[in-house]
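Participant: generate a structure from the sequence data that follows.
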Amino acid sequence: MYVQSAIGPQEEEAEGQIVEIPIGSSTAQIGEILEEENIIQNGTFFRYYVRYQNEGGFQAGEYELSRAMDIDEIIEELKEGRIDEEPEIIFTIPEGYWLESIVETVAEYTPHDVEDIMDVIQDQEYVEGLIDRYDILTDDILDEEIRYAFEGYFFPSRYDSMKKTLQSKKLLN
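Facilitator: Prediction:
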């Protein structure tokens, strides 16, 4: 009975509300967001249900979700993802790049120069803020023996930005 109530809609009729899923959110984080926004009863159940159903591929973005949706409808919405506009900045980080090469690539496709980008990613306060914001980052990256805190955290991939410029202190957000 508990499982049925967790899978089904929380209300028969409910207004939709905008829920933002940030880039890089894990299934656990998505479940927490949905629970905090009062869309679902239990974020932990959501995580286990997604794993049991072998679902994934959730997209970051803003979604209109409702307590009148069942969990499968919510999952489908999150997989669909919507991009309302084309990215203004697109760059690709090839496999095997070290941080210096990544920064050069970012500088090539944005109005920022290499020195400004390096200043931002080496700013202790900025790094600590990102550690607080993202579970994947831990205090270990602040170790003085580590060359750059973010070395190894940029994966070979295509990166899109909807903003014409990447603002200082927001380069990695």
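
Participant: can you pull the contacts of the residue positioned nearest the centre of the chain?
Facilitator: The C-alpha lying nearest the average C-alpha coordinate of the chain belongs to Ile23 (CA atoms, centre = their mean; 1.8 Å). Shown in contact with Ile23 (CB atoms under 8 Å, 6 or more residues apart in numbering): Ala60. Where you see a C-beta, it was placed from the backbone N, CA and C, and this is true even at glycine.

Participant: check it and give its pLDDT.
Facilitator: With respect to pLDDT, Ile23 scores 80.

Participant: equivalent analysis for Pro9, please.
Facilitator: pLDDT, Pro9: 72.

Participant: correct me, but His112 touches Thr105?
Facilitator: No: counting by CB atoms under 8 Å, His112 sits too far from Thr105 to count as a contact (11.6 Å).

Participant: so what's Glu64 up against?
Facilitator: Counting by CB under 8 Å, 6+ apart, Glu64 has contacts 16-19.

Participant: any idea how far Ile93 is from the residue nearest to the centre of the chain?
Facilitator: Remark: distance between Ile23 and Ile93 (CB to CB, to the nearest Å) = 15 Å.

Participant: can you map out the helices along this structure?
Facilitator: Ranges of helices in the chain, per DSSP state H, are 2-7, 27-36, 43-52, 71-80, 99-109, 114-121, 124-133.

Participant: will you turn those helices into TSV that also has distance to Pro156 and mean neighbour count?
Facilitator: Shown next, in TSV, are the helices of the chain (distance: least, CB to CB, whole Å; neighbours: other CB atoms under 10 Å):
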stretch	distance to Pro156	mean neighbour count
helix 2-7	37	12
helix 27-36	23	18
helix 43-52	26	16
helix 71-80	23	17
helix 99-109	10	17
helix 114-121	18	16
helix 124-133	21	14
